[in-house]
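Chemist: Provided below for reference: sequence and predicted model.
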Amino acid sequence: MVQPLLAEVFVEMADTLVDDFDLLEFLHTLTERCVQLLDVDAAGLLLTDGQGTLQVVAASSERTRLLELFQLQTDQGPCLDCFRTAAPVSVVDLPTAGRWPRFTAAAAEVGFTAVHALPMRLRSDILGALNLFTTAPGALDAEKLRIGQALADVATIGLLQQRAIRHRDVLTEQLQTALNSRVLIEQAKGLIAERLHVSLADAFDILRGSARSRNRRMSDVAQAVVDGTEQPPDPRAATESAPGRPGRAGHRRALRPVPSTAPTDPRRAASP
């Protein structure tokens, strides 16, 4: 029975390559498969949110989910140690181990006496940990631990694959947006250059200055220019129409004081 179920999990793993992949469904199914394949009573899955904070994302039962939440709230437990060290953590008898006293008490309340935490990692990437719980004390045999780690590795690869796909899609979308914006800006430059009889370089400066003065994106202003809903101001017209500019110069010349040595009466200046 183990081999068919393992094959099914790998088939489910392949679903991470499609667009409508349901990540939470996959992770929940993974915890259920762990219970079926590894002869454990429950399984829980904690993943980092990308900033080093673990979150409960899947559990095979409600009591397991609550125990995992308690582990995070108290900041102690096998899953946390596994995540921080990127190494497996196995405790075959929680009451006698003397580790994580609050977690051990909470685990006892829901009937668990042994726990095995497996890291979800690929090379230097550590995404979380897979917890396996049993109600009876005792170790898991080496074969089951290997299968459990393989399942954790499969899930890790799926998660990283999804991350790569999203990252690629975001980069593609950003690149396409940049290309579209560039086309708009070139079109707007041509319109401005034609209307104002300026060079393309000057048209770009006008477009850029207009966007800055309005605290808007240049692509938005370019779109408005192309659509004909807006027209950037002609900086030359603004300079020429500045109020009082020529008058001030003439006024200063008119108020220039007359030198004190200049004669004020032509008749006095003439010799008798």
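Modeler: Everything's here; your move. Fair warning: this is a prediction, and the values are worked out from it, not measured in the lab.
Chemist: any idea which element the closest residue to residue 77 other than its chain neighbours lies in?
Modeler: Of all residues not flanking residue 77 in the chain, residue 71 sits nearest, at 3.5 Å (Cβ to Cβ, 6 or more residues apart in numbering). C-beta here means a position set from N, CA and C on the backbone, and glycine is covered the same way. Counting by DSSP states H and E, the element that carries residue 71 is helix 62-74.
Chemist: one more: residue 76?
Modeler: Here residue 76, judged by DSSP H and E, is contained in no helix and no strand.
Chemist: by mean pLDDT, flag the weakest helix or strand of this protein.
Modeler: Taking all helices and strands of the chain together, the one with the lowest average confidence (mean pLDDT, DSSP states H and E) is helix 245-254, at a mean of 39.
Chemist: beyond the helix holding residue 71, next helix or strand please.
Modeler: helix 78-85.
Chemist: tell me which other helices or strands the longest helix anywhere in the chain touches.
Modeler: As far as residue count goes, and with DSSP state H defining each element, the longest helix of the chain is helix 142-196. Here helix 142-196 touches helix 2-14, helix 23-38, strand 114-122, strand 125-134, helix 200-214, helix 218-227, going by 3 or more Cβ pairs under 8 Å, 6 or more residues apart in numbering; DSSP states H and E.
Chemist: which phi and psi does residue 93 have?
Modeler: With angles defined as degrees, to the nearest 10, residue 93 sits at phi -150, psi 90.
Chemist: cool, and residue 52?
Modeler: Residue 52 adopts backbone torsions of phi 90, psi 0, taken as degrees, to the nearest 10.
Chemist: number of residues surrounding it?
Modeler: By the measure other Cβ atoms under 10 Å, the count of residues near residue 52 is 9.
Chemist: from residue 46, how far off is it?
Modeler: Between residue 52 and residue 46 the distance is 12 Å, computed by Cβ to Cβ, to the nearest Å.
Chemist: what does residue 56 give?
Modeler: Distance, residue 56 to residue 46, by Cβ to Cβ: 6 Å.
Chemist: intersection of neighbour lists for those two?
Modeler: Common neighbours of residue 56 and residue 46 (criterion: Cβ atoms under 8 Å, 6 or more residues apart in numbering): 68, 72.
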